[in-house]
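Engineer: Sequence and predicted structure below; questions after.
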Amino acid sequence: MEAAGGWRPVRGRRRGRAGGEAAEEEEAGAVLRRLREARDDLLSSGFWAASAGAVRAPLAGSAEPPARCVCYGLGRFGGCPAARYQLAFLLLLLEELGVPPGRCSLFDPAFSAREVAALRQLGLRLLPDNEEGKHGVEGSATLFYMVHCGKALYNNLLWRNWSAGALSKMVIIGNSFKGIEERVLSRILQRDYSYIAKVLKGTEEAALPAHPRYLDTFNDTSVHWFPLPKLKELAPEVWDCVEEPTYQECDDLEIIRKEKGAAGRSPTAAES
C-alpha cells in the first residue's frame, strides 16, 4: 500500500494457481483499479482533507493512537460505489493513523470471492466468524470502522467492552450516537440499546463534514471516542449491569445473527 501512488496488491504465492483462482485474482485486480479511482476522487474532491480534522479529534483529546482496526458491514464494494468509497476512506484512514493493513480485520457475510481476493491483495485480514460486533479491545487501542451499521452492532460492541478502561481505548467511526438518541424513542433506546443509552454522557463525537458528492455514502457518520475522565464521571450504577443484549422485544433488528449459520460466516472462513 502506498500513500502517494495508490494501493498496490501484496505480491507473492502466484506459482501454481488454479484457473479459477487466477480468474478471481484478475477480477480482484479490476476491483482494485476502481478502488484507486475512488481514492483519487476522495482526495481531489477535498472530502478526505475536510474529514481529517474529525479523524484526528480523538488524538487531540489525548486518546491513545489505535494500534489496530476492525471493520464491520462494509458491503459489496466490488459493485456498490458507496461501499467502494467507504473502503477507500478506510484505507486512507489507516495511512493517516499509521495502522498497517495486516492489523486491520474485516467481516461482512456479503463479501464475494473476488472481494475477498481484493482485500487479501491489499494485505487486509478477514475475521472468520460473525461476532455480531462482540469484539474485545483486549488491551489494545482499537479503531472500529462501522459506517451505516445497525444499532445492535454498536450496542453489542459497547457491551463486550463495558468498562471504563476498555471503552477509553476505543474509537468508533459510524452512525452518530447523537443522531440515534434523537431518532429513537427514549423507552426503546433504554430497552433495546441500553449500552448506547448509558454511554452517551461519556462520549465525545465529531461529525464528518457534509459533502454534496457523498451525501448517501457518509451521511450521519461521526467519529466517537470515550475519554477516561468523562467515563469516570458516570454514576457507579451505570457499570453494574453487564447483561448480554438479547433483543427479544426488538421488532426491527438490523443485524445478521450468528445463529443463521452460513449466512453469518465469511465465504472464506475455512481458508482464514
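Structural biologist: Yep, that arrived. Residues are numbered from 1 along each chain as shown.
Engineer: Surely Lys169 touches Glu64?
Structural biologist: Yes: using C-beta atoms under 8 Å, Lys169 is in contact with Glu64, at 6.1 Å. (Glycine included, C-beta is placed from N, CA and C.)
Engineer: between these two, what contacts are shared?
Structural biologist: Common contact partners of Lys169 and Glu64 (C-beta atoms under 8 Å, 6 or more residues apart in numbering): Ala141.
Engineer: which one of these two has more residues nearby?
Structural biologist: Neighbour count, other C-beta atoms under 10 Å: between Lys169 and Glu64, Lys169 has more, with 21 against 16.
Engineer: if you go through the stretch 51-200 of the chain in chain order, where are the strands?
Structural biologist: For the stretch 51-200 of the chain, the strands defined by DSSP state E, counting those that start in this stretch cover 68-72, 104-107, 125-126, 142-146, 170-175.
Engineer: Buried ones in the strand or helix carrying Leu215, by neighbour count?
Structural biologist: Taking DSSP states H and E as the criterion, Leu215 maps to helix 215-218. The neighbour-count criterion (16 or more other C-beta atoms under 10 Å) identifies Thr217, Phe218 as the buried residues of helix 215-218.
Engineer: how far does the helix or strand following it sit from the chain's center?
Structural biologist: Going down the chain from helix 215-218, the next helix or strand is strand 221-225, by DSSP H and E. Its chain's C-alpha centre and that of strand 221-225 lie 11 Å apart, by C-alpha atoms, centre = their mean, to the nearest Å.
Engineer: Could you give the average pLDDT over the very next helix or strand once past strand 221-225?
Structural biologist: Downstream of strand 221-225, the next assigned helix or strand under DSSP H and E is helix 228-232. Taken as a whole, helix 228-232 has an average pLDDT of 95.
Engineer: try stretch 23-38
Structural biologist: 87.
Engineer: Report how many residues lie close to Val55.
Structural biologist: Using other C-beta under 10 Å, Val55 has 20 neighbouring residues.
Engineer: For the helix holding Leu215, enumerate the helices and strands it packs against.
Structural biologist: Applying 3 or more C-beta pairs under 8 Å, 6 or more residues apart in numbering; DSSP states H and E, one finds that helix 215-218 contacts helix 81-97.
Engineer: Who are the packing partners of the helix it packs on?
Structural biologist: Contacts defined by 3+ C-beta pairs under 8 Å, 6+ apart place helix 81-97 against helix 19-45, helix 47-60, strand 68-72, strand 142-146, helix 215-218.
Engineer: Export those to CSV and append columns for distance to Val242.
Structural biologist: Listed next are the helices and strands packed on helix 81-97 as CSV, based on distance: least, C-beta to C-beta, whole Å:
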stretch, distance to Val242
helix 19-45, 39
helix 47-60, 25
strand 68-72, 21
strand 142-146, 19
helix 215-218, 33
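Engineer: out of those, which comes closest to Ile188?
Structural biologist: strand 142-146 (20.3 Å; C-beta to C-beta).
Engineer: Can you give the contact residues for the closest one?
Structural biologist: Residues outside strand 142-146 that contact it (C-beta under 8 Å, 6+ apart): 66-73, 90, 93, 97, 99, 133, 135, 153-154, 157, 169-175.
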